[in-house]
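> sequence unknown, structure follows:
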């Protein structure tokens, strides 16, 4: 609950990007990055709920040891389509294509991304790729696992593999073009005074993400292209009958798909880096280190991929090296986590909804990250490889980390995107429901993994049932937690309280323009004269702060009365 | 975004616009390097493992046609560079001429590639059920386009290769997977490049390019040169594996 201490209640601006033009053509042919972000929001949410439906089917089936809901074959298809949808059509585009698209031009003080038409093209590519994959789903789906391992996917599977692989191949180009657009925009479109080290860390995180997108995604594209050509035309690189090597597919696949984990988590880290200074009213501790850590994750993330393949019979020396490099990549993540925590020290913390998500992220990402180290350790991995421990680990990163960051960011910038506030108390309750539901769903899976329950099996021994029941119950709570924000955020977009330009207030350039912004973003190109997250030298924020560089004064919290 | 003359609304100056477009194309070319990198890796590993089959496969390609196409592409790089130069110096007639020449050379390349591909289909050298590396040496009557001396040489080579690698037919299929995969992707890039060149030609006939405004010529030029460079790698990798005898 925020207190508007002085002044009249804010009003909606007369002219903004949402009412600049009307009609379906003005949306489908728009080159405005903000409208394209909303197109992505609609399509990504659509795929999120499809993926969520598959997840629900999996959990309901696993309620009992022998599973009465699905046939074994159908079960295989469910977990495959859950993975494909969530990874390629929800997690990878979620924060970059929605929040990144909307915010990067605003944050650097530009009128649009460098290539607005390519931005629209990338949305269409995403939709076409999505349609191919949906086509596979309505034709019976595919059962290869989201990893499409050969030679099963190329030679033996009787399911609709080709359209799904082609769909993922196509969608990859959407990701490549988004990354390219972001990189060029950050290089050439910054406003006067917006130096590299004044960029918000959200932009730094997206810069690092874009590097991964442009270097990794083409490799998965060619790999899936070769797999598709192998299935359709009989090329032989992955076919052992011709002397080809199925393990080569795994190497190429993970060369992208491990860095892809950082495509999912780095943008979420960028969101957290915005939320914590805003709701702790303090400059982020160790700005330069957090920025450099993003780049370090992007670079080191490219040299850890065979830790997914410790059991393929690769050379022990290679395994030791990759295990070591896996430990190294944890260091920049730890730097970020420590710096976020250190920022809280001595801050004026307020517990608005976005901050609740940030706290949720910190705890869950820490569990997910540390269990990743267990899996990167050779001796441990041999025991728990392909068990529910792995499933729990990556859901702590993907859902506990990336989705928490995504929802936190969506709440934080919803007033900027729509001009209206979401209902604060309902949103806080939803955040708690999500946190509880998430832990109920996935913590028991760690225990199941340690007990030895393998992933991707449709039955299990009766002694595992209690943990599976907990997990399924948690998934039901989680489902409510996801439906709530969809409902009240949609409601708030039309009927919420008018937010004003800078309701929190926060320090970024995106808050210096009206909410919702003009089509051109700013009436005049802004000139930046302040450092990032500097609450002390910003009289324009209306905070009661002792001025001056390095002022020791404590800034008042975001709200006063609760 | 509104457009004022050649300047798109999101930019402040033409210079900024040019820098942005050029950087964008360079980054795109980086993604292309990674894209071709995946298939080059598959090629490298298999060539190392199945050298005899790869050498045998390579020797069935026509050095003359491949070499001719290499010269054609190098010449097209030259005409493309001249088109860029003509645009930068506002020689409007020359831009159109050099763009047309570049397109012409591109189509000469396609024509030669068509002849080569057709030959491979005819000789049962396309991966799949009908693939048979021994087809021509066993059915010389059906491969009348290979003259007697070449046929004798091929027979000799194939016998030596089978000695070294009893599973030659399977592994030669891997070579042809690489051949069709790599040259096919390269040809696809050429087709896209030709489409872009036709668009440039249309614009240049309309007199749009001059010393102030020649950015599209410049960045399509970058793309065209990149596609040529890919061929400069493909030619030795595919045609020249074992020609030193």
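Structure received. Being a predicted model, the structure only gives us computed values, none of them experimental.
> mind listing the strands for the stretch 201-350 of chain A?
Assigned by DSSP state E, counting those that start in this stretch, the strands in the stretch 201-350 of chain A number zero.
> for it, what lies in contact range of chain B?
By Cβ under 8 Å from any Cβ of the partner chain, the residues of the stretch 201-350 of chain A that approach chain B are A:214-219, A:221-223, A:226, A:229, A:233-237, A:241-245, A:248, A:252. The way it works is simple: take the backbone N, C-alpha and C, and place the C-beta from them, glycine included.
> and the closest residue to chain B within the stretch 251-400 of chain A, what does it touch?
Across the stretch 251-400 of chain A, the shortest distance to chain B (Cβ to the nearest Cβ) belongs to residue A:252, at 5.6 Å. With contact set as Cβ atoms under 8 Å, 6 or more residues apart in numbering or on different chains, residue A:252 has these partners: A:219-220, A:222-223, B:38, B:41-42.
> re the thing from before, narrow the residues of the stretch 201-350 of chain A next to chain B to those that are buried.
Among those, those classed as buried by 16 or more other Cβ atoms under 10 Å in any protein chain shown are A:214-219, A:221-223, A:226, A:229, A:234-237, A:242-245, A:248, A:252.
> the residues of the stretch 201-350 of chain A next to chain B in helices, which ones?
Within these, residues falling in helices by DSSP state H are A:214-219, A:221-223, A:226, A:229, A:233, A:248, A:252.
> which regions of the chain lie under the pLDDT threshold?
I'll assume chain A. Counting by pLDDT under 70, chain A contains low-confidence ranges at A:1-7, A:544-562.
> the chain in question should be chain B.
If you take pLDDT under 70 as the line, chain B has these spans: B:1, B:245.
> just to revisit the earlier point, as TSV, the contacts of residue A:252 with distance to residue A:375 would be great.
Shown next, in TSV, are the contacts of residue A:252 (distance: Cβ to Cβ, whole Å):
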residue	distance to residue A:375
A:219	23
A:220	22
A:222	28
A:223	23
B:38	26
B:41	26
B:42	28
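> hmm, residue A:485 is touching residue A:407, no?
Yes - when contacts are counted by Cβ atoms under 8 Å, residue A:485 is listed as touching residue A:407 (6.2 Å).
> how about the residues of chain B by chain A?
So far as Cβ under 8 Å from any Cβ goes, chain B lies against chain A at B:1, B:8-10, B:12, B:16, B:19-20, B:23-24, B:27-28, B:30-32, B:34-39, B:41-42, B:45-46, B:49-50, B:127-129, B:167, B:170-171, B:173-174, B:177-178, B:180-181.
> for ChimeraX, write the selection for the buried entries among these.
Filtering these down to the buried ones (16+ other Cβ under 10 Å) takes a single ChimeraX command:
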select /B:8,10,19,20,23,24,27,28,30,31,32,34,35,36,37,38,39,41,42,45,46,50,127,170,171,173,174,177,178,180,181
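> among the residues of chain B next to chain A, which lie within helices?
Using DSSP H, the residues of chain B next to chain A in helices are B:16, B:19-20, B:23-24, B:27-28, B:30-32, B:34-39, B:41-42, B:45-46, B:49, B:170-171, B:173-174, B:177-178, B:180-181.
> going by distance to residue A:523, which of the ones in helices among the residues of the stretch 201-350 of chain A next to chain B wins?
Closest to residue A:523 out of these is residue A:214 (33.4 Å), distances taken as Cβ to Cβ.
> need the contact list for the closest one.
A:176, A:179-180, A:183, B:27, B:30-31, B:34.
> ok, residue A:111 to chain B distance?
As judged by Cβ to the nearest Cβ, to the nearest Å, residue A:111 and chain B stand 5 Å apart.
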